[in-house]
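[1] here's my sequence, what's the structure:
(one chain, ligands or ions: 2)
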Amino acid sequence: MLLNFLSSWKLYLFPSLFLCWCSSSTAAIRKKHNIRCSFTESELLLSPALMAGLSFEATYTDSHDVLKIFAAEGVEFLLSCEGKVPVSKCNGKIICLLFSAIWCRPCRAFIPCLAELYETLKKRGSNLEIIFISFDRDEDGFREHFKSMPWLAVPFDVNLHRRLIDRYRVDRIPSFIPLCSDGITVEEDLIGCIEDYGADAFPFTRKRQEELKAIDKRRRVEASLEELLAHEGRNFLISGDDRKVPVSELAGKTIGLYFCAYWSPPCCAFTVQLTDAYNNLKAAKGDCFEIVLISTDRDLEEFNVNKSTMPWLAVPYEDRTRHDLRRIFNIKGIPALVFIGPDGKVISENGKFTISSYGAEAFPFTESRVRDLEAALRKEGEALPQQVEDVKHEHVLKLDMAKAYVCDSCKNQGKFWTFSCDVCDYDLHPSCLEKVNKD
Ligand SMILES: [Zn+2]
Ligand SMILES: [Zn+2]
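    Ligands and ions are numbered 1, 2, ... in the order given. Reported below is the predicted structural model:
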């Protein structure tokens, strides 16, 4: 029924009606899942160009020569923010096509990231040109969308855009397509790669992506603190009270990279434990240890509040380093704590467990130190009876292990070994035990 309707002659005359229909239905899908827009097979099959029986494969033998395609399509000029630009302006440039629409939220989120990359690459003198091909519903939408773009655009023409969309097999937006033989495809997540690496992702080839991954891998294992925490434009960290502290002052210390956000209750809870360990360590060992906050706060204001509650240093908020460190250490959840030794090598990526289990005692947070602590704990447990009777409690108490408890005798906190009651919620420090005298 729907197919019959859509293949009627009206759609040949009014393909823009189709595009509207297609757009609004995908907008609904996107809204629901809040993901990059992707078009269903049926939507593609119903595209006016295919229905009109056009075969672009036959017309364009050289799939990468977009200028030939434009010429064959009768595109006489492109648009820039200043007006018409001859197509020949793209001669000799590395061209990338951008398919995007203003009604698409992921597109609107991606454009500022791409614009920043574009400006950076222009400053570096690169030969890049981006050409925007619109998925917008009408010319007003196109104009509004193009206002946010510093590059070129194919003038608004629904029929032409639809043919280019088919030609480049675009099935989702935003789609960013570098016209080179080794280019990363949309399916291989070029957009994610650009979000991850910014201008460093240029020229958007698989080879470049492999290089970047190899650099990350090396940094994860053996980067200098300067390489991890500073860059050409910044060689300092900031303290809770906004002092600038040179990264070089951290040389030779054990460093904890603390990935955390103020909006996260588990982060706030762990910050309390970490602060405790930090203060104990500073008191016991002096200045051989430092923590650096890598914030995932939602905005600067939140970051400032977060930072002001902490006694250690932070990577400035308006800084790509925060993003790079999350990627390099593959941080998927917060809070997370990565320890780096005085030699710059990663000691442990599971610092959260180490601190929440052993606190400052675990210093210098090496695997061997944690193993020693575990062995000592085991030995302590082996010396204790499996079950006891205490004069203060009517039930038999069994030896148990708890991360944290409050002793019901002395009312102080305890961790690890406890004598606890199966019947009621009763815990006892092994040191607070007063055995029942059976004689
Ligand atoms: Zn006690
Ligand atoms: Zn009991």
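[2] in contact with the residue of the stretch 251-400 of the chain found nearest ligand 1, which residues?
    In the stretch 251-400 of the chain, the residue that lies nearest ligand 1 is K392 (10.3 Å; Cβ to the ion). Backbone N, C-alpha and C define where each C-beta goes, glycine included. Residues in contact with K392 (Cβ atoms under 8 Å, 6 or more residues apart in numbering) are S409, L428, E434.
[3] once you drop chain neighbours, what's closest to the second one?
    For L428, the nearest residue in space outside its immediate sequence neighbours is F419; the separation is 4.4 Å by Cβ to Cβ, 6 or more residues apart in numbering.
[4] same check, this time on K398
    K398 sits nearest to Q387 (Cβ to Cβ, 6+ apart), 4.8 Å away.
[5] what about that neighbour, distance to K415?
    20 Å (Cβ to Cβ, to the nearest Å).
[6] which one's more surrounded, these two?
    K415 (15 against 11; other Cβ atoms under 10 Å).
[7] which SS state does the residue nearest to that one when sequence neighbours are not counted fall under?
    In this structure, K415 finds its nearest non-sequential neighbour in A404, 5.3 Å apart by Cβ to Cβ, 6+ apart. State at A404, reduced to three classes by DSSP: H, G, I helix; E, B strand; the rest coil: strand.
[8] residues contacting the nearest residue to L78 once chain neighbours are set aside?
    Sequence neighbours aside, L152 is the residue nearest to L78 in space, at 4.5 Å (criterion: Cβ to Cβ, 6+ apart). Going by Cβ under 8 Å, 6+ apart, L152 touches L78, L79, S80, V85, K89, C90, E129, I130, I131, F132.
[9] hmm, try it at 6 Å
    L78, S80, I131 (Cβ atoms under 6 Å, 6 or more residues apart in numbering).
[10] hmm, which of these are the buried ones?
    L78, I131 (16 or more other Cβ atoms under 10 Å).
[11] ok so, going back, any chance you could give me the one helix or strand the residue nearest to L428 maps to in CSV, C-alpha atoms only?
    Per DSSP states H and E, F419 falls inside strand 413-421. Output of strand 413-421 as CSV, limited to C-alpha atoms (Å, rounded to 0.1, in the frame of the first residue of the first chain):
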residue,chain,number,x,y,z
GLN,A,413,35.7,1.2,62.0
GLY,A,414,37.4,-1.9,60.8
LYS,A,415,38.3,-3.6,57.6
PHE,A,416,39.2,-7.1,56.4
TRP,A,417,39.1,-9.7,59.2
THR,A,418,36.1,-9.6,61.5
PHE,A,419,34.2,-12.0,63.7
SER,A,420,30.7,-11.6,62.6
CYS,A,421,27.3,-13.1,63.6
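[12] can you list the strands that that strand pairs with?
    When sheet partners are counted by DSSP bridges, strand 413-421 sits next to strand 396-406 (antiparallel), strand 427-428 (antiparallel).
[13] any part of the last one near ligand 1?
    Meaning strand 427-428. No - Strand 427-428 does not reach ligand 1 (Cβ under 5 Å from the ion); its nearest approach is 6.3 Å.
[14] if you average the pLDDT over that strand, what comes out?
    When pLDDT is averaged along strand 427-428, the result is 95.
[15] how about the longest one?
    Throughout strand 396-406, pLDDT has a mean value of 92.
[16] ok, S348 to F363 distance?
    Taking Cβ to Cβ, one finds S348 at 12 Å from F363.
[17] look up phi and psi at the closest residue to A314 other than its chain neighbours.
    Nearest residue to A314 in three dimensions, chain neighbours excluded: L293, at 3.9 Å (Cβ to Cβ, 6+ apart). Backbone dihedrals for L293, given as degrees, to the nearest 10, come out at phi -80, psi 130.
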